[in-house]
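Student: Please work out how this folds:
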Amino acid sequence: MARDPAFVLRYLAEVEELAEDVLAARQQIVDLDVKRNRNREALRALHKDPEPDEKAMVCFGGMFIELPKAKAREMLRQDQEELDEEINSLRKELRVKVNRLYEAQGKPELKGFNLNPMSAEEMKLINRILEG
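Tutor: Predicted coordinates:
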């Protein structure tokens, strides 16, 4: 059975576009994770500094700014929280994109891909049940 060449081209273009979306989302997650690791290193360096009341030079958006260390720590912590939220959001979106790609390719949906971690409260309840 011969397929219509236009249909095949549309199909291949759709699959390629979906694959590019998946790759772009993965790269964005990697880039944000690198930034999160740099923030973590900066927080650790500020924490280990023996003189906590002095000022620190911090790079924000390509500019170095001298800030009190407490303010720099707070800004880095806030940035960490925002990065965590954005990475988690991108990971959820990535799951959907991967499923769409698999669907377009005629592959079955990935099993266990949509799992979410249990919260601390859920873990406490499970441990309480297991302990008797």
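Student: Going by C-alpha atoms from here, please, whenever you check contacts or count neighbours.
Tutor: OK.
Student: Contacts only, for residue 68.
Tutor: 53, 54, 55, 56 (CA atoms under 8 Å, 6 or more residues apart in numbering).
Student: give me that answer again for 10 Å
Tutor: 52, 53, 54, 55, 56, 57, 58 (CA atoms under 10 Å, 6 or more residues apart in numbering).
Student: Likewise for residue 88?
Tutor: If you count contacts by CA under 10 Å, 6+ apart, then residue 88 has 29, 82, 94 around it.
Student: And the last one, how far from residue 10?
Tutor: The gap separating residue 94 from residue 10 is 23 Å, by CA to CA, to the nearest Å.
Student: quick one, which of the two is more surrounded?
Tutor: Neighbours around residue 94 and residue 10, counted as other CA atoms under 10 Å, are more numerous at residue 94. The numbers are 19 against 11.
Student: From residue 54, how far out is the more buried one?
Tutor: Distance from residue 94 to residue 54, by CA to CA: 42 Å.
Student: Could you do residue 39 as well?
Tutor: From residue 39 to residue 54 the distance is 19 Å (CA to CA).
Student: Between these two, which is the more surrounded one?
Tutor: residue 39 (19 against 12).
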